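Peer 1: Sequence first, predicted coordinates after that:
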Amino acid sequence: MTELSYREAFKAGIVEALESDPRVFIMGEDIGDYGGCYAVTKGLLEKFGKARIIDTPLAESGFVGAGIGAAMGGMRPIVEIMTVNFSLLALDQIINNAATLRHMSNGQVGVPLVIRMACGAGKQLAAQHSHSFEGFFAHVPGLKVLYPGTIADARQMLKQALDDPDPTIIFEHVMLYNRVEEYDEHQAIEEMHKAVVRRAGRDLSIFTWGGNLYKAMETAEQLKKHGHDAEVVDLRCLRPLDRNAIIESVKRTHKALIVDESWKSVGMSAEISATLAEEALYYLDAPIRRVCGQEVPFPYPEHLEMACIPQVDDIVQAALEMLGANETAKG
């Protein structure tokens, strides 16, 4: 066992990929000389050189397109987009090219590309650097969308993504980069498309991913003090969504609470709710609840930013209301 930060875990995964496969290279804004906006790639330029650690212009559509072309040509590029908000400048390349080329070529052309993006609020970076747009990309057939929340997933998911023949997007929550956990390098993670039960329980299922995972775990500990046993399910992969794991959890607990930092309207929480309504309605003993980000562009002031995203107290309150309402109904 060794202590490892989320940032160090991603970096170790990149180093392993570069050392083990000469086809792998990484490109993006400020990843070389500067060492990356969040210091994930710090020191890699000196170790691997400019041919494999490539600083790009501020032109997301251009360098994502270059990554797609390199992947089509047999390389295994890792493209870093500084923040998820900037990925909107490359939507044409990601959605109209990377996601469609295998289909449009009748399987003759693949795009084994990995795109990494920092995302999420909590750093006072305001409305052009703070959003969680994973639901946008999870909407698109042809893409795989990963959101590691644990150190082990941050360390090992990149390899699984690089081994996949299709484009994969990895989201990295900015508030996790400094988090440190013990990491067992000999312990393999689940396949990247599988959800994982991080805490087993019987009274309530909390579904979440990425930056909200630890808030959900803390919520479960607080609920324990109230005599309630919550299950926490880390979805990890938002496309393809592990619907079976969602349904099986609700079969055990009969209640579902979804925690999503993004907006409630037309988002991942709505998709999960619809899945449960369509396929597990008769297992539910209470209405589905969602704790989501407020539907505003993210503000700069810290107190307003914190008010805009789910906090542990919000999740606990929603859970207690669900559990209390259910107990009252039974009484």
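Peer 2: Sure thing, it's come through. Residues are numbered from 1 along each chain as shown.

Peer 1: Please report the distance of the most centrally placed residue in the chain from Glu29.
Peer 2: Most central residue of the chain, judged by C-alpha distance to the mean C-alpha position with CA atoms, centre = their mean, is Tyr147 at 1.8 Å. Note on Tyr147: its distance to Glu29, by CB to CB, to the nearest Å, is 21 Å. C-beta here means a position set from N, CA and C on the backbone, and glycine is covered the same way.

Peer 1: Leu241 too?
Peer 2: According to CB to CB, Leu241 and Glu29 sit 30 Å apart.

Peer 1: can you give me the strands for the stretch 151-300 of the chain?
Peer 2: Assigned by DSSP state E, counting those that start in this stretch, the strands in the stretch 151-300 of the chain fall at 168-173, 180-183, 196-199, 204-208, 230-234, 237-239, 256-263, 289-293.

Peer 1: for those strands, which one ends up most surrounded?
Peer 2: strand 204-208 (a mean of 29; mean count of other CB atoms under 10 Å).

Peer 1: the inter-axis angle of that strand versus strand 256-263?
Peer 2: 20 degrees (axes from the mean of the first three to the mean of the last three CA atoms, to 10 degrees).

Peer 1: any idea of the mean pLDDT for strand 204-208?
Peer 2: Mean pLDDT, strand 204-208: 98.

Peer 1: contact partners of that strand?
Peer 2: If you take CB atoms under 8 Å, 6 or more residues apart in numbering as the criterion, strand 204-208 is touched by 215-216, 219-220, 223, 228-235, 246, 249-250, 252-253, 255-260, 272, 315, 319, 322-323.

Peer 1: now the angle from it to strand 289-293?
Peer 2: Interaxial angle of strand 204-208 relative to strand 289-293 (the same axes, to 10 degrees): 30 degrees.

Peer 1: what's the angle between strand 204-208 and strand 230-234?
Peer 2: Orientation of strand 204-208 against strand 230-234 (the same axes, to 10 degrees) gives an angle of 20 degrees.

Peer 1: Strand 204-208 pairs with which strands, parallel or anti?
Peer 2: strand 230-234 (parallel), strand 256-263 (parallel) (DSSP bridges).

Peer 1: Using CSV, lay out these together with distance to Asn96 and mean pLDDT.
Peer 2: Listed next are these as CSV, based on distance: least, CB to CB, whole Å; pLDDT from 0 to 100:
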stretch, distance to Asn96, mean pLDDT
strand 230-234, 31, 98
strand 256-263, 23, 97
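
Peer 1: Glu80 is nearest to which of these?
Peer 2: strand 256-263 (20.9 Å; CB to CB).

Peer 1: got the angle for the closest one vs strand 168-173?
Peer 2: 90 degrees.

Peer 1: Give me the distance from strand 256-263 to the chain's centre.
Peer 2: How far strand 256-263 lies from its chain's middle: 13 Å, per CA atoms, centre = their mean, to the nearest Å.

Peer 1: Equivalent analysis for stretch 45-59, please.
Peer 2: On CA atoms, centre = their mean, the centre of stretch 45-59 falls 25 Å from that of its chain.
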